[in-house]
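J.: Kindly generate the corresponding structure for this input.
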Amino acid sequence: MRAHYLADPTVSETHRLPSGGSGIAMSDSEEHHFESKADAGASKTYPQQAGTVRKNGFLVIKGRPCKVVEVSTSKTGKHGHAKCHFVAIDIFNGKKLEDIVPSSHNCDIPHVNRTEYQLIDISEDGFVSLLTSDGNTKDDLRLPTDDTLVAQIKEGFESGKDLVVTVQSAMGEEQICALKDVGPK
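T.: You can find the predicted model right below:
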């Protein structure tokens, strides 16, 4: 084999190793350029050990982002894991979900963000127009599903109040979750 490498005319003397092989590796001859984009490929969740998730924390159950309302840990037999029983409410539709996870295992935690926007307009078809902090408008959100909150938003808007809505976003979904009255216009 050694004679083959020495006889290879495509490998110059400067790239020969003392063993007779070529010193050229893939990484020497190729360069990789990566552009960083803020959210490109960003994960919608992160792992966290089930035993460390607490009440009022967030958790993904059956693919839905939820807020934990109850946690109980049960000790099992001498060869089993301690298990965490979670009772949680879906942060977008309000449905109650439950899950049981071994406390030493990881579970998915959603990245949950809350952003405030000034309410500009409410359209006939239930979409809202919001003013972002950089002066642009955001027109892709509907009124929330909570009837009480919808009534407060419509009442405040129709009476000419200056309203700020809080939009909660997680796992590619977003919804208005709170309202602040900052006074008359």
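J.: alpha carbons only for contacts and neighbour counts from here, please
T.: OK.
J.: what's downstream of the helix or strand bottoming out on mean pLDDT in the chain, the next helix or strand?
T.: Counting by mean pLDDT, DSSP states H and E, the chain has its least confident helix or strand at helix 26-29, which shows a mean of 46. Next in sequence after helix 26-29, counting helices and strands by DSSP states H and E, comes strand 45-49.
J.: Please give me every residue in contact with the spatially most central residue of the chain.
T.: Nearest residue to the geometric centre of the chain (Cα atoms, centre = their mean): residue 44, 2.9 Å. Applying Cα atoms under 8 Å, 6 or more residues apart in numbering, we find residue 44 in contact with 110-111, 170-172.
J.: and the residues you listed as a markdown table, adding pLDDT?
T.: What follows is the contacts of residue 44, written out as a markdown table (pLDDT from 0 to 100):
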| residue | pLDDT |
| --- | --- |
| 110 | 96 |
| 111 | 96 |
| 170 | 96 |
| 171 | 95 |
| 172 | 94 |
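J.: Write a ChimeraX command that selects only the buried members of these.
T.: Command for ChimeraX that selects the buried part of the contacts of residue 44, burial taken from 16 or more other Cα atoms under 10 Å:
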select :110,111,170,171
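J.: Is residue 152 part of a helix or strand, or is it coil?
T.: Recorded secondary structure, residue 152: helix (DSSP: H, G, I helix; E, B strand; the rest coil).
J.: which SS class is residue 101?
T.: Per three-state DSSP, residue 101 ends up strand.
J.: separation between the residue nearest to residue 75 when sequence neighbours are not counted and residue 55?
T.: Spatial nearest neighbour of residue 75, excluding adjacent residues (Cα to Cα, 6 or more residues apart in numbering): residue 82 at 4.5 Å. For residue 82, the distance to residue 55 equals 18 Å [Cα to Cα, to the nearest Å].
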